[in-house]
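S.K.: Pasting a predicted model and its sequence here:
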Amino acid sequence: MSLILQTIADGLVLGGLYSLAAVGFSLIFGVMNVVNLSHGVLVLIGAYISYTLWHVFGLDPLLSIPLNMAALFAFGYVYQRGIIQLAVDRSSLLASMLVTFGIALVLRNVLVLVFSPDFKNVTPSYAFNSLTFAGITLDFVRISALGASLVLLTVLTAVLRWTAIGRVIRATAQQELAARLCGVDARHVYGLTFGVSAAFAGASGAILGIVVPFAPPDEAIWTINAFVVVTLGGVGSPAGALIGGLLLGLISTFTSQFIGPAFPNAMMFLILVLMLLIRPAGLLGNAFSGSR
Amino acid sequence: MLQDGITKHRWWIAMSAVALVLLVIAPYFLSPFHVRVGQQVLFAAGLALSWSILGGFAGYWSFGHTAFLGLGAFTASLSMSFLAALPPLLAFVVALALGSAACGLVAALLAYPILRLRGIYFAIAMLGVSQVLAELNNNLDFMKGSMGVMLPRIAPRSVDPAIYFYYLFLVATACTLVIGFAIKVGRIGYGLVAIREDEDTARMLGVPTERYKTMMFVLSAVLTGMFGVIYAWSLGYITTGSVYRTDFSLNMIVYSLLGGMGTLIGPIIGSFLMVVLTQVLLGKLLDVHMMFTGILLVAMVLLAPRGIVGFVRDFRERRRGRAS
């Protein structure tokens, strides 16, 4: 019994991280239909920024989140306006996916050249403390990771729902033409959306760094995770990302606990393919524009 | 329609025949290293052509075609334990047939569910399929994916294996090109273009979209599997990592895109340029290899979204427009 509870707890904690890492991917996919295959590398850039700040200035990774988000927001805005929008204009959406893949290769290579291909991890002072509650053991870092993820996801939901910029983003996602007729500068909004998405990728990177070790080639895994989360939960909403992420966390811990440590990836993809076939819009299905 | 196609494209056919003759005599003039590069060019071109039959003609971009490459290679390799009594070459032919057939069978089973998905969803579902197959191959013991399988030598003692496989790949790629040509100029080719441009309208106008898509999916899988088997034998020893390679899936797309999507010559030009560029010119710069590929990918989509063939075609049309 306590094994099952422990597995559930581990799954939920891991799922919180997956949710946060995927929410930006989901936002871009929902708002502009672009599959951003460089999302994973943005997550890792966030992780490396926090690593550097911690390593050089001793700044706590959780406190470096705002810096991280600001840096990646700027990067995301420029990236969208400078490259992605051009690709979408001149070619197809599928080709824009290839462009993001190309950028992912470039950035991964840059990370390898700057930080070496070795695994890095961030170990703040509280890294080895843990908390036992009703027979379940949870590390401090994992609890703080889950907490930070939930707080950030809530903030994003509030921003999307109640602020002016959130309203504009949602309007552009629903119908670009109508939004433009109402005086919305759609390209600026796309840039902002990409910036927000990259900022959340950066935040998740900061948290990732204290939970698991990371190396540049991991970016592919984080991109694919984001895709699975979005397929499970549904496109374009933080709530969908949260549900998808928690489910993915549970699937992955349960598979490695009860089927075998080698199978979480196979199980994840099996569920991805099944979900695409049965319910392509995800559990909370609100596919914005006809994404199918 | 095949007759018309042959008359219409007689210049292309004549040029292909000349190119074939040149390729047949090429190994006598090339250094061993360049024969090996030629082998890789032919392998890449064959894969890109097999991918194009579905991806280029019908617009169904598979991001996981390496699934069939690996499946074919491993089915053939594992069947060798039953074929050990046969002489190596005959065993190879039987294994080739078995590997390709297995790919066709799996594709036929997958076709109904997976071809209902379109665009990005189809692409990612195929990526998922390839990952599931690769993980299972790596982790189930009877598939020997992590341990690896040794394959017998089929090239005669007197012949250099590099040259032997150069010719095998040449034959396979030429067959794939002929099949691709027959499809493209035939009735089905026009049906596939209609599917690519607007599937719902095509279906409304009486194109049997489901049947065409399924046929092409299976054919593309069989051809990819065939290349997988030949590739496995050219390596002599395979593991999951050496045949289920995501970069193969990506290369098929990139080479087709670079040359010209939906054409037959495009994937061949693209493969030639990229393989020669990466193997010969960038061989010494392994550190920035990935960065270079990425930059090229981005530049290509931004500057020549319809590939080299599209670029040349636009250029010629513009010149003709100015002349008249």
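M.R.: Yep, that arrived.

S.K.: Tell me the secondary structure at the residue in the stretch 101-250 of chain B that chain A sits nearest to.
M.R.: Among all residues of the stretch 101-250 of chain B, residue B:135 sits closest to chain A, at 3.6 Å; criterion: CB to the nearest CB. To be clear about C-beta, it is placed using only N, CA and C from the backbone, and glycine gets the same treatment. At residue B:135, secondary structure determined by DSSP: H, G, I helix; E, B strand; the rest coil is helix.

S.K.: Just the pLDDT at it, thanks.
M.R.: Predicted confidence (pLDDT) for residue B:135: 85.

S.K.: excluding its backbone neighbours, what's nearest it?
M.R.: Among residues not flanking residue B:135 along the chain, residue A:266 sits closest, at 3.6 Å (CB to CB, 6 or more residues apart in numbering or on different chains).

S.K.: which residues touch that neighbour?
M.R.: For residue A:266, the contact set (CB atoms under 8 Å, 6 or more residues apart in numbering or on different chains) comprises B:131, B:132, B:135, B:136, B:139.

S.K.: What strand or helix carries it?
M.R.: helix A:264-278 (DSSP states H and E).

S.K.: and residue B:68, that's in a helix?
M.R.: Yes - assessed by three-state DSSP, residue B:68 belongs to a helix.

S.K.: hang on, it packs against residue B:226?
M.R.: No - look at residue B:68 against residue B:226 with CB atoms under 8 Å: they stay out of range, at 9.4 Å.

S.K.: who's more crowded, those two?
M.R.: Neighbours were counted for residue B:68 and for residue B:226 using other CB atoms under 10 Å in any protein chain shown; residue B:68 has more, 35 against 24.

S.K.: mind listing what the more buried one touches?
M.R.: Residue B:68 makes contact with B:103, B:106, B:107, B:220, B:221, B:224, B:225, B:228 under the criterion CB under 8 Å, 6+ apart.

S.K.: secondary structure class for the last one?
M.R.: Using three-state DSSP, the three-state assignment for residue B:228 comes out as helix.

S.K.: I'd say the residue of the stretch 101-250 of chain B closest to chain A and residue A:268 touch.
M.R.: No - with contact defined as CB under 8 Å, residue B:135 does not count as touching residue A:268 (9.2 Å).

S.K.: Run through the neighbouring helices and strands of the helix or strand hosting residue B:308.
M.R.: Residue B:308 belongs to helix B:307-323 when assigned by DSSP H and E. Under the contact definition 3 or more CB pairs under 8 Å, 6 or more residues apart in numbering or on different chains; DSSP states H and E, helix B:307-323 sits against helix B:246-259, helix B:265-276.

S.K.: quick one: the helix holding residue A:266 to chain centroid distance?
M.R.: Distance, stretch centre to chain centre, for helix A:264-278: 19 Å (CA atoms, centre = their mean, to the nearest Å).

S.K.: tell me which parts of the stretch 101-250 of chain A are close to chain B?
M.R.: Residues of the stretch 101-250 of chain A found near chain B (CB under 8 Å from any CB of the partner chain) are A:101-106, A:108-110, A:113, A:220, A:224, A:227, A:231.

S.K.: coming back round to it: mind listing what the residue of the stretch 101-250 of chain B closest to chain A touches?
M.R.: A:262, A:263, A:265, A:266, A:269.

S.K.: Next, format those residues as TSV and append pLDDT.
M.R.: TSV is the format used below for the contacts of residue B:135 (pLDDT from 0 to 100):
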residue	pLDDT
A:262	75
A:263	80
A:265	78
A:266	79
A:269	78
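
S.K.: Relative to residue B:239, which of these is nearest.
M.R.: Closest to residue B:239 out of these is residue A:262 (14.9 Å), distances taken as CB to CB.
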